[in-house]
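> sequence first, predicted model second:
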Amino acid sequence: MNRLLLLLIFPAIVIGQSANENVPVHLREIPRHNLSIDLGIAEPTGDYQDISRSGLSVGLTYDYYLNKNVGLSIGARHTYNETAFATAYDVDNTSLSSLSAGIAGSKTFNRFQVDAYARFGIGYLNTNSQDAVSQNNQQNYSPNNDAIKEFPLVLETGLRFNYYFRRSVQLYFAPQYHGSLGDALAYDNRRDIFFSNDPVFQTGLQPSFDVSNLIFSVGIKFALNAQYTRGELRDDSEPDN
């Protein structure tokens, strides 16, 4: 019975594979080497919202695909947030520049492609240098420079929703998370330098936070050469279809 079932199914498998081979290569494979550039809005998350506001983020990513579903990913990103501080001094924005590496997974649907990725790495943190009062939660903060991690670990994960504008060019929208690990920011809330009648206000705290953002970006992704993951080459002699 099993052998009879196999004999009935085998021709359908062969036909299905042949039909797949007849689909143009740019609709069934993905480029092996890819470079992506994106620009987006960074929205602070978690406790970081207490001391920060929205900012901007710019990223550069290289993806090398082992096959049409799995690849290696290297990314560089710079994100900065407007502060939520009010002060008599000039207060710098907080910025985090990072370099990370990890894996990427992809699924293609003709001209559409969905990528998911996760990367770990290290960043450079540039923080505020003056005492200030957060307008978000009425807390007074003074940087604890000895405890701030100038080079924190970084996590970056997200999705890319791609559309093949050309065989070698994709436009995409990417929601993603980007942030430091291990409470990279450290502050003092010193009782002797600020007093408030606000019952919510607390003094004597030494809070620490991570730089954490949800980033919503748009970008463009280029195939760096004509090779697809199965070794086939892109044919640009005919117009896109």
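All right, it came through fine.

> now do the same contact list for the most centrally placed residue in the chain.
For the chain, the residue whose C-alpha lies nearest the mean C-alpha position (Cα atoms, centre = their mean) is Q176; its distance is 4.3 Å. By Cβ atoms under 8 Å, 6 or more residues apart in numbering, Q176 lies in contact with E156, T157, G158, L159, L214, I215, S217. (C-beta placed from N, C-alpha, C; glycine too.)

> apply 7 Å and report the result again.
Contact criterion Cβ atoms under 7 Å, 6 or more residues apart in numbering gives E156, T157, G158, I215 as the residues in contact with Q176.

> quick one, strands of the chain?
Counting by DSSP state E, the chain has these strands, from start to end: 33-44, 52-65, 70-83, 85-86, 94-109, 112-126, 132-134, 140-143, 153-166, 169-181, 185-188, 208-209, 212-223.

> in its sheet, which strands sit next to the third one, and in what direction?
For strand 70-83, the paired strands and their directions (DSSP bridges) are strand 52-65 (antiparallel), strand 94-109 (antiparallel).

> who does Y172 bridge with?
Assessed by DSSP bridges, Y172 has beta-bridge partners N162, G219.

> and the pLDDT at it?
According to the model's per-residue confidence, Y172 sits at a pLDDT of 97.

> can I get the strands paired with strand 70-83 in TSV with mean neighbour count and distance to L233?
As requested, those are exported to TSV (neighbours: other Cβ atoms under 10 Å; distance: least, Cβ to Cβ, whole Å):
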stretch	mean neighbour count	distance to L233
strand 52-65	19	15
strand 94-109	18	18
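
> who wins for proximity to Y164 among the ones you listed?
Y164 lies closest, by Cβ to Cβ, to one member of the strands paired with strand 70-83: strand 94-109, at 9.1 Å.

> rewinding a little: dump the strands paired with strand 70-83 into JSON lines; add mean pLDDT as well.
Below are the strands paired with strand 70-83 laid out as JSON lines (pLDDT from 0 to 100):
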{"stretch": "strand 52-65", "mean pLDDT": "96"}
{"stretch": "strand 94-109", "mean pLDDT": "95"}
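
> got these as CSV, with distance to S134 columns?
Written out in CSV, the entries for the strands paired with strand 70-83 read as follows (distance: least, Cβ to Cβ, whole Å):
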stretch, distance to S134
strand 52-65, 9
strand 94-109, 12
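
> just put the strands of the chain in CSV and tack on distance to G231.
Rendered in CSV, the data for the strands of the chain read as follows (distance: least, Cβ to Cβ, whole Å):
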stretch, distance to G231
strand 33-44, 13
strand 52-65, 12
strand 70-83, 15
strand 85-86, 55
strand 94-109, 17
strand 112-126, 19
strand 132-134, 56
strand 140-143, 54
strand 153-166, 20
strand 169-181, 21
strand 185-188, 47
strand 208-209, 48
strand 212-223, 14
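
> mind checking which of those is nearest R234?
Distances from R234 to each of the strands of the chain were compared using Cβ to Cβ; the minimum, 7.2 Å, belongs to strand 212-223.

> average pLDDT for the closest one?
Looking at strand 212-223 alone, the average pLDDT works out to 96.

> remind me what it packs against, helices and strands.
Of the remaining helices and strands, those touching strand 212-223 by 3 or more Cβ pairs under 7 Å, 6 or more residues apart in numbering; DSSP states H and E are strand 33-44, strand 52-65, strand 169-181.
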